[in-house]
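I would like the atomic coordinates for the input below:
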Amino acid sequence: MQKLVRTFICLLLMPVFPALAQVAATPPNIVFIFADDLGYGDLSSFGSTTIDTPRIDSLAQDGIRLTDFYAASPVCSPSRASLLTGRYASRMGIRHVFMDDSPDGMPPSEITLAEHLQAAGYRTGLVGKWHLGHREPFMPWNQGFDEFHGVPYSNDMGNFFFYHNREMDRTPIDQRYLTQRYTEHSLDFIEANRDGPFFLYLAHSMPHVPIYASPEFEGTSDGGLYGDVVEELDWSTGQILDRLEALGIADNTIVVFTSDNGPWLMMRDQAGSAGPLRDGKGVTFEGGQRVPTLVRWPAGIPAGQESSAPASMLDWFPTFSALAGLALPADRVIDGKDISARLSGSSPQAGNDFYYLASFTSEAVAYRDGDWKLKLPRTGYPQFLDSILRIGMYSHDIQLFNLADDPGEQINLADDYPERVSAMRQQIDAFQAAIDAEEVPPLYMGGVKSDKKGYSRVLIPLVLTGLTGLILLLALCWGLYRGVRALLRRGRDKHTAAA
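Sure, this is the predicted structure:
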């Protein structure tokens with residue numbers, strides 16, 4: 001059945017892009033490289049003048065650079081959930097980041113890209129950061145990954161241990177070598193599955209704070225420690241590209257490099273740059289969700305392309321499914337779109353809209369339609385405080401931007417185009433109504449606070465006992481002090497009398 005589907009796809013694609021049609025009969029390998037908190041302006045191919053990333057940049061030289069590509073969320077867990085399912089995180093009850101005490105994770109009922117590709121004979125591997133639930137039912141081995149070598153969540157959380165499949169390595173992690181460690185496991189996975197097809201999901205922990213570079217890279221970049229970290233990611237990417245070439249499988253391997261959200265600006269010198277974009281991680285201005293994205297696939301993507309058409313993390317699930325000859329699940333909404341024709345350059349492809357979901361809620365708070373973006377009003381602190389806080393949660397009125405002319409979102413055109421504001425707001429309302437109609441209960445992203453009611457029966461006596469002991473100790477010290485002074489005074493009196 002799968003072969004019949006692939007043949008049908010080949011026939012459809014052959015008139016517009018013969019090379020893509022030919023490759024579709026032989027499913028491509030997929031290497032998806034995911035940086036953590038990397039900003040839009042942190043690659044030299046996206047404007048950085050202090051960080052040198054030639055190997056990552058080569059993906060665009062040999063493939064395509066996507067200038068208007070969006071993470072599905074401005075924070076980690078919902079972004080990763082959408083990548084793996086092609087669905088907005090609100091449909092899963094995921095509103096923010098799973099903490100290290102969270103009892104929940106991405107629902108096992110979700111169909112992940114790894115599970116889906118397994119149906120087409122793919123070998124699937126995750127190396128690096130998971131962050132979609134660290135309890136047993138939610139771990140990668142229950143979500144379609146044949147292999148897992150990595151960590152359960154962010155590198156700033158407690159109980160941060162390395163896993164080899166289901167086994168936890170209890171040795172404390174030296175984060176200076178984490179990028180190298182991920183790279184070695186990735187190369188091993190590629191070697192072992194060279195006959196393909198395979199799906200490697202390499203989810204780096206860097207450059208999320210705390211940032212670490214190995215001794216070989218520390219102090220080598222003009223961008224400080226942050227630059228050292230990113231340049232080590234560039235080295236890692238180069239190692240993977242070289243291994244694909246050495247094994248003779250580079251032509252039919254898709255390599256994607258992107259980031260899960262924008263830079264964590266409140267971390268200042270240990271954070272990246274959003275380049276010309278406004279704000280960063282955690283908010284729905286462009287700097288929070290537009291991320292640098294480059295794709296190489298020599299057999300299917302002509303070299304040296306660039307696309308400014310909007311696309312998002314949601315689109316990889318349907319795109320990779322199509323290239324593997326797989327139909328999309330029919331029992332659920334898939335929000336992403338197949339962008340394979342856009343990547344190949346054979347068609348600009350329809351679907352230039354995107355909804356921005358706020359963190360901590362399930363609400364759509366902004367909408368892009370072509371070049372236009374509408375952002376709903378928000379209450380927060382006065383904007384002048386953001387130069388101090390750097391978290392982008394300040395108040396603003398309804399805002400309308402033309403992103404083609406104003407990517408930095410500085411010129412509010414809402415008063416000039418009231419009809420467009422009204423139409424786009426209706427789109428947001430309709431989308432939100434559809435999400436709300438699913439009545440998905442929110443997941444617990446962190447543990448609830450412990451209830452200490454009744455502990456007073458123990459705590460009060462302990463406190464009283466401690467206070468009593470402290471008073472007695474102070475009285476003893478005071479008595480000793482008075483006694484020593486009396487002895488010293490008596491000694492001085494005797495000495496005076498004798499004189």
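
For this structure, give me the ranges with low pLDDT.
Where the chain drops to pLDDT under 70, the residues are 1-25, 348-351, 496-499.

Okay, domains of it per the record?
Following automatic domain parsing, one finds the domains of the chain at 2-352, 459-488.

where's E245, which helix or strand?
Here E245 sits within helix 224-246, counting by DSSP states H and E.

In contact with the closest residue to V440 other than its chain neighbours, which residues are there?
Of all residues not flanking V440 in the chain, G93 sits nearest, at 4.7 Å (Cβ to Cβ, 6 or more residues apart in numbering). Every C-beta, even on glycine, is put in place using the N, C-alpha and C of the backbone. Counting by Cβ atoms under 8 Å, 6 or more residues apart in numbering, G93 touches 107, 362, 440-443.

next one: Y153
98-100, 129-131, 134, 160.

just the helices in the stretch 351-499 of the chain please.
386-389, 418-437, 456-498 (DSSP state H, counting those that start in this stretch).

quick one on the thing from earlier: how about the helix holding E245: buried residues?
For helix 224-246, the neighbour count (16 or more other Cβ atoms under 10 Å) marks 225-241, 243-244 as buried.

ok now that helix, how far from the chain's centre?
Relative to its chain's centre, helix 224-246 lies at 18 Å (Cα atoms, centre = their mean, to the nearest Å).

just checking, next helix/strand downstream of that helix?
Next element after helix 224-246 (DSSP H and E): strand 253-259.

okay, now R135: neighbour count?
By other Cβ atoms under 10 Å, the residues close to R135 number 13.

need the contact list for it.
Contacts for R135 (Cβ under 8 Å, 6+ apart) come out as 103-105.

With distance to H149 and secondary structure added, can I get those residues in a markdown table?
Below are these laid out as a markdown table (distance: Cβ to Cβ, whole Å; DSSP: H, G, I helix; E, B strand; the rest coil):
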| residue | distance to H149 | secondary structure |
| --- | --- | --- |
| P103 | 25 | coil |
| D104 | 24 | coil |
| G105 | 19 | coil |
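
Quick check on those: which are buried?
104-105.

of the contacts of R135, closest to Y381?
In terms of Cβ to Cβ, no member of the contacts of R135 lies closer to Y381 than D104, at 30.1 Å.

ok, now which ones touch the nearest residue to that closest one once chain neighbours are set aside?
Using Cβ to Cβ, 6+ apart and skipping residues adjacent in sequence, the residue nearest D104 is L443, 4.1 Å away. Residues in contact with L443 (Cβ under 8 Å, 6+ apart) are 92-95, 102, 104-105, 107.

circling back to that earlier point, just say which of the helices of the stretch 351-499 of the chain is most tucked in.
Across those, averaging neighbours per residue (mean count of other Cβ atoms under 10 Å) puts helix 418-437 on top, at a mean of 14.

Just list what it packs against, helices and strands only.
Here helix 418-437 touches strand 353-357, strand 364-369, strand 372-375, strand 399-402, going by 3 or more Cβ pairs under 8 Å, 6 or more residues apart in numbering; DSSP states H and E.

Of all these, which one comes closest to T220?
Here strand 353-357 is closest among these (Cβ to Cβ), at 36.6 Å.

I'd guessed S221 sits against E231; true?
Yes. If you go by Cβ atoms under 8 Å, S221 and E231 touch, sitting 5.0 Å apart.

Common neighbours of those two, please.
Shared contacts of S221 and E231 (Cβ under 8 Å, 6+ apart): 51-52.

Surely L178 is in a strand?
No. Counting by DSSP: H, G, I helix; E, B strand; the rest coil, L178 is not found in a strand; it is helix.

out of everything not next to it in sequence, what's closest to it?
Spatially, and ignoring its direct neighbours in sequence, L178 is nearest to S205 (5.5 Å; Cβ to Cβ, 6+ apart).

The one you found and M157 touch, don't they?
No. Look at S205 against M157 with Cβ under 8 Å: they stay out of range, at 10.8 Å.

ok, those two, which is more surrounded?
Ranked by neighbour count (other Cβ under 10 Å), S205 and M157 place S205 first, with 28 against 16.

what residues are up against the more buried one?
Residues near S205 by Cβ under 8 Å, 6+ apart: 36, 128-129, 151, 154-155, 175, 178-179, 182.

6 Å - rerun?
Going by Cβ atoms under 6 Å, 6 or more residues apart in numbering, S205 touches 36, 129, 155, 178.

How about K449?
Under the criterion of Cβ under 6 Å, 6+ apart, K449 has no neighbours.

was I right about E115 contacting G144?
Yes. Using Cβ atoms under 6 Å, E115 makes contact with G144 at a distance of 3.3 Å.

Of these two, give the one with the bigger neighbour count.
G144 (21 against 18).
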